[in-house]
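Student: Pasting the sequence and the predicted model now:
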Amino acid sequence: MSFESSGVAESSTGSGNRRPPFFFREEYSGLIVKGNFMTLAAKPKLVEEGEWLAHQVVEQYRLLEQMIDIIKVLDEKTQKPICNADVCPTMSASGHTYTWLDNNRKPIKIPAIQYINLVQKWIVGKINDPSIFPTDTTNINFAASTYASGSPTPSGPSTPQPLGPTNLNAPLSQLAGREWLGKSSGFPETFESDIKSIYRQMMRCYAHIYHGHWLDPFWNVNAYKELNTCFIHFVNVGKLFGLLGDKETEPMQPLIDLWLAKGLLPQSPAATKENASPVPASSATSQTTPGS
């Protein structure tokens, strides 16, 4: 994905004994709904995994878009969006700043609102591209994705750059022996990497919203629980299906850890293994192995 670079950790001042941000405190980690988010994200037995993840990614973007709309509301005094180039000159979250690649493929810092707008345009382009998210299963097309993931061209960073042909243009007989996520439903071989890239960018948007705008506007308009609810659902799907890694979630890990401790999110396989009983099953007496 040529338009993005990984978040670069900037040097930050020592926090000392300062209290964590409000959104990392248990008293502000509440949700607007009760229930098991893991059940909500679980794939129905009769639904193919590619189809389910396509549905989930589209739904997660719909929820994120609602949160983004809140930070785009015009301030009555300045007549500028709440998130604007003056208050958010970079796309940042905690000690991370996310950069864009210019036309010369050099990373540049751009205002957060510009970054978010470009990400939204790119995600919508992906979702509406039938070669990536096919809607007509009667005429399955295994052609490769036409565009790079938001690659900039001389016309500007918002215009995707065409990719060259890939091995997906090979005869179907040569593809028949290989498997990939969503193949049986007509999704391309790049589908898994595409949705992971989409998820990575959505994670960055959530991280900026929390670190840059939790107080204004979400706390001020009493919408922080709505934000928490959208975010926990997003993280749950990402962790359950391996769409998010620890590196992506790092800026929001303290809040995720709070939800993990409450059993609202699934434990990672590594954590589950560490918590498992060291006693072999054949010799265990009253000990049991914790569930995942």
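Tutor: Ah, there it is. Since the structure is predicted, the reported quantities are computational estimates derived from the model, not experimental observations.
Student: distance of the closest residue to residue 236 other than its chain neighbours from residue 210?
Tutor: Nearest residue to residue 236 in three dimensions, chain neighbours excluded: residue 37, at 4.5 Å (CB to CB, 6 or more residues apart in numbering). In short, each C-beta sits where N, CA and C put it, glycine included. Distance, residue 37 to residue 210, using CB to CB, to the nearest Å: 18 Å.
Student: my read: the residue nearest to residue 236 touches residue 231, true?
Tutor: No: at 10.7 Å, residue 37 does not count as touching residue 231 under the criterion of CB atoms under 8 Å.
Student: Who has more neighbours out of those two?
Tutor: residue 231 (26 against 21; other CB atoms under 10 Å).
Student: So that one lies in a strand, does it not?
Tutor: No: Residue 231 is assigned helix when assessed by DSSP: H, G, I helix; E, B strand; the rest coil, not a strand.
Student: which ones are touching it?
Tutor: 206, 210, 252, 255 (CB atoms under 8 Å, 6 or more residues apart in numbering).
Student: change it to 6 Å
Tutor: By CB atoms under 6 Å, 6 or more residues apart in numbering, the contact set of residue 231 is residue 206.
Student: quick one: it and residue 89, what's the gap?
Tutor: Distance from residue 231 to residue 89, by CB to CB: 24 Å.
Student: burial measure for residue 217, as a count.
Tutor: There are 17 residues near residue 217, going by other CB under 10 Å.
Student: Can you classify it by secondary structure?
Tutor: Assigned with three-state DSSP, residue 217 falls in the helix class.
Student: Find the nearest non-adjacent residue to it, please.
Tutor: Nearest one to residue 217, counting by CB to CB, 6+ apart, is residue 82 at 5.5 Å.
Student: That neighbour: neighbouring residues, count only.
Tutor: 20.
Student: Please list all residues in contact with the residue minimising distance to the centre of the chain.
Tutor: Nearest to the mean C-alpha position of the chain, by CA atoms, centre = their mean, lies residue 199 at 2.9 Å. Residues in contact with residue 199 (CB under 6 Å, 6+ apart) are 238, 243, 244.
Student: Can you get me a residue count around the first one?
Tutor: Read it as residue 238. 25.
Student: Which helix or which strand is home to the residue nearest to it when sequence neighbours are not counted?
Tutor: Distances taken as CB to CB, 6+ apart place residue 244 nearest to residue 238, at 3.4 Å, with adjacent residues excluded. Using DSSP states H and E, no element contains residue 244; it sits outside every helix and strand.
Student: which residues of the chain fall in helices?
Tutor: Assigned by DSSP state H, the helices in the chain fall at 37-41, 49-71, 112-127, 172-175, 191-213, 224-240, 246-249, 253-261, 269-275.
Student: gap between the second one and the chain center?
Tutor: If I follow you right, that is helix 49-71. 9 Å (CA atoms, centre = their mean, to the nearest Å).
Student: Buried residues, that helix. List them.
Tutor: 50-54, 56-57, 60-61, 63-64, 67-68, 70-71 (16 or more other CB atoms under 10 Å).
Student: that older thread, hmm, residue 234 and the residue nearest to residue 238 touching each other?
Tutor: No: the criterion here is CB atoms under 6 Å, and residue 244 misses it with residue 234 at 8.6 Å.
Student: Looking at these two, which is more packed in?
Tutor: Using other CB under 10 Å as the criterion, residue 244 and residue 234 rank with residue 234 on top: 26 against 21.
Student: tell me the contacts of that one?
Tutor: residue 60.
Student: ok, now with 7 Å
Tutor: 60, 63, 202, 206 (CB atoms under 7 Å, 6 or more residues apart in numbering).
Student: pLDDT (mean, whole number) over stretch 265-276?
Tutor: Stretch 265-276 shows a mean pLDDT of 55.
Student: ok, back up a step: I'd say the residue nearest to residue 217 and residue 75 touch.
Tutor: Yes: with contacts counted by CB atoms under 7 Å, residue 82 reaches residue 75, the gap being 5.8 Å.
Student: burial count for residue 21?
Tutor: Residue 21, neighbours per other CB under 10 Å, totals 15.
Student: Nice, that's everything, thank you.
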